[in-house]
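[1] Sequence and predicted model, in that order:
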Amino acid sequence: MLSTRLQYGLKYWRLAIHLVFKTKHFGVNNLWWAKQPSAIGWQWYEIIWGILTVMPIVRNYQSLKVRSCLGWMPEAECIALGFKSGTRS
């Protein structure tokens, strides 16, 4: 599972940075600069505050895991990354 996460992370590293650090442009449609800024984007000082206090970054990662299983990626990929179990409850 760790190798699957690493491969996925290498493939979509821009999107991961965008979602964890909540950048305004980096990662939107996986482009460096997009015409429309992200609705969830933080200002530069909010990103620095998040890095210094750590907890907002941890919560953003948790949010990334939840959002990934709500239809932002195929269910098979979500299960392969270990964000969701393969059995239905």
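    Here it is on my side, so go on.

[2] in the helix or strand containing Asn60, what counts as buried?
    In this structure, Asn60 sits in helix 55-67 according to DSSP states H and E. Buried positions in helix 55-67, judged by neighbour count with 16 or more other Cβ atoms under 10 Å: Pro56, Ile57, Asn60, Leu64. (C-beta placed from N, C-alpha, C; glycine too.)

[3] tell me which element Phe83 falls in.
    Short version: Phe83 belongs to no helix or strand, going by DSSP H and E.

[4] Read off the pLDDT value for the closest residue to it other than its chain neighbours.
    Spatial nearest neighbour of Phe83, excluding adjacent residues (Cβ to Cβ, 6 or more residues apart in numbering): Lys65 at 4.7 Å. For Lys65, the pLDDT comes out at 78.

[5] Roughly how far does Gly50 sit from Thr4?
    Distance from Gly50 to Thr4, counting by Cβ to Cβ, to the nearest Å: 27 Å.

[6] Please apply the same query to Ile48.
    To Thr4, Ile48 is 32 Å away according to Cβ to Cβ.

[7] cool, and Leu64?
    For Leu64, the distance to Thr4 - Cβ to Cβ - is 16 Å.

[8] ok, now Asn60?
    Counting by Cβ to Cβ, the gap from Asn60 to Thr4 is 21 Å.

[9] and if you look at Phe21?
    Following Cβ to Cβ, the distance that separates Phe21 from Thr4 is 23 Å.

[10] And for Arg14?
    For Arg14, the distance to Thr4 - Cβ to Cβ - is 19 Å.
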